[in-house]
Structures are given as structure tokens and as C-alpha cells.
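Asker: return a 3D structure for these sequence lines:
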Amino acid sequence: MSAHAHGPYDDAMSSGTDPADAHRSQQRAEARLDVAASVLALLADRTRLALLERLGRGEADVTTLTGATGAARPSVSQHLAKLRLAGLVTTRKDGRRVVYSLRHGHLRRLVDEALNVADHQIAHLPPHD
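Answerer: Have a look, this model is predicted:
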């Protein structure tokens with residue numbers, strides 16, 4: 001073993017990788033975790049999760065989404081604005097209506113998996129007397 005302390009760039013140097021590339025790679029990895037955590041934080045709200053679950057079945061307007069979630073229309077609009085600003089949903093105009101849809105299928109699969117975990121947890125709850 002060498003006498004010097006093992007630093008964060010020693011592996012990069014020994015493998016022939018530029019230390020700047022190793023640093024950028026670490027920054028990307030950290031940014032990836034930060035973005036994933038923020039997406040999961042948005043999903044941690046029951047109304048937003050219900051909105052995303054409904055949008056996973058196809059695009060919908062605010063009236064449809066209000067009915068699907070049971071939340072008040074102003075609340076639905078606020079949650080949709082957060083999801084839109086986060087880049088998780090997109091909008092398009094259909095006459096005077098604004099129609100929402102999921103930005104990509106990855107989000108639908110993430111919501112589906114979260115709900116599958118919930119189904120599994122519920123199925124294993126002890127029965128109530």
C-alpha cells in the first residue's frame with residue numbers, strides 16, 4: 001500500500017480518466033439523485049398522485065380531473081400548476097379547455113409501481129376484527 005492518503009481522484013488518475021471528467025460524473029450523479037428526490041416528493045401528495053394516476057390513463061381537462069380526484073377545483077388547479085412547473089405534465093389547448101397529459105411514460109410506470117407497492121402492503125395488513 002502506498003504511503004499517501006487515498007484521494008477522490010486517485011482512481012481516476014490510475015485508470016487514465018481525467019479528474020475533471022470524474023468530477024463532472026459525480027456532479028451528474030448528485031443532480032440525478034436531487035431530481036429524483038424532487039419527483040418523489042411531488043408524488044408524496046395524495047391529490048397529485050391521484051392526478052398522475054388518472055393522467056396515466058390518458059389526457060384530461062380540469063373538470064375531469066376534479067371528478068376523478070374528488071378534490072376541489074382550485075386545489076386541482078394548484079396541484080396541476082406544480083406538476084406542470086416541475087415538467088411532469090404538459091398542456092395543450094382544445095378550444096377554451098386546457099387538456100393535461102403526462103410528459104412521458106416513465107412517470108406513469110413510476111406511479112403504477114407506487115400503487116402496486118400499496119396494493120402489496122394492503123394485502124398483507126392484519127384483518128380487522
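
Asker: quickly find the element holding the residue most central in space within the chain.
Answerer: By C-alpha atoms, centre = their mean, the chain has its centre lying nearest to residue 39, at 3.1 Å. Counting by DSSP states H and E, the element that carries residue 39 is helix 19-43.

Asker: before we move on, the earlier item: contacts only, for the residue nearest to the centre of the chain.
Answerer: Shown in contact with residue 39 (C-beta atoms under 8 Å, 6 or more residues apart in numbering): 86, 88, 107, 110. (Glycine included, C-beta is placed from N, CA and C.)

Asker: nearest to residue 23 among those residues?
Answerer: Residue 23 has its nearest neighbour among these in residue 86, at 27.4 Å by C-beta to C-beta.

Asker: that closest one is in contact with residue 35, isn't it?
Answerer: No - using C-beta atoms under 8 Å, residue 86 is not in contact with residue 35, being 9.5 Å away.

Asker: okay, these two: which has more neighbours?
Answerer: residue 86 (15 against 12; other C-beta atoms under 10 Å).

Asker: what's the spacing between the nearest residue to the more buried one once chain neighbours are set aside and residue 54?
Answerer: Closest residue in space to residue 86, ignoring its immediate chain neighbours: residue 42 at 5.8 Å, by C-beta to C-beta, 6 or more residues apart in numbering. Residue 42 is 15 Å from residue 54, where distance means C-beta to C-beta, to the nearest Å.

Asker: ditto for residue 78
Answerer: The gap separating residue 78 from residue 54 is 16 Å, by C-beta to C-beta.

Asker: residues contacting residue 65?
Answerer: Residue 65 makes contact with 51, 54-55, 76, 80, 100 under the criterion C-beta under 8 Å, 6+ apart.

Asker: can you give the contact residues for stretch 86-96?
Answerer: In this structure, residues lying in contact with stretch 86-96 by C-beta under 8 Å, 6+ apart are 38-39, 42, 51-52, 55, 59, 61, 80, 83-84, 98-103, 107.

Asker: and residue 30, how far is that from residue 37?
Answerer: Between residue 30 and residue 37 the computed distance is 11 Å (C-beta to C-beta).
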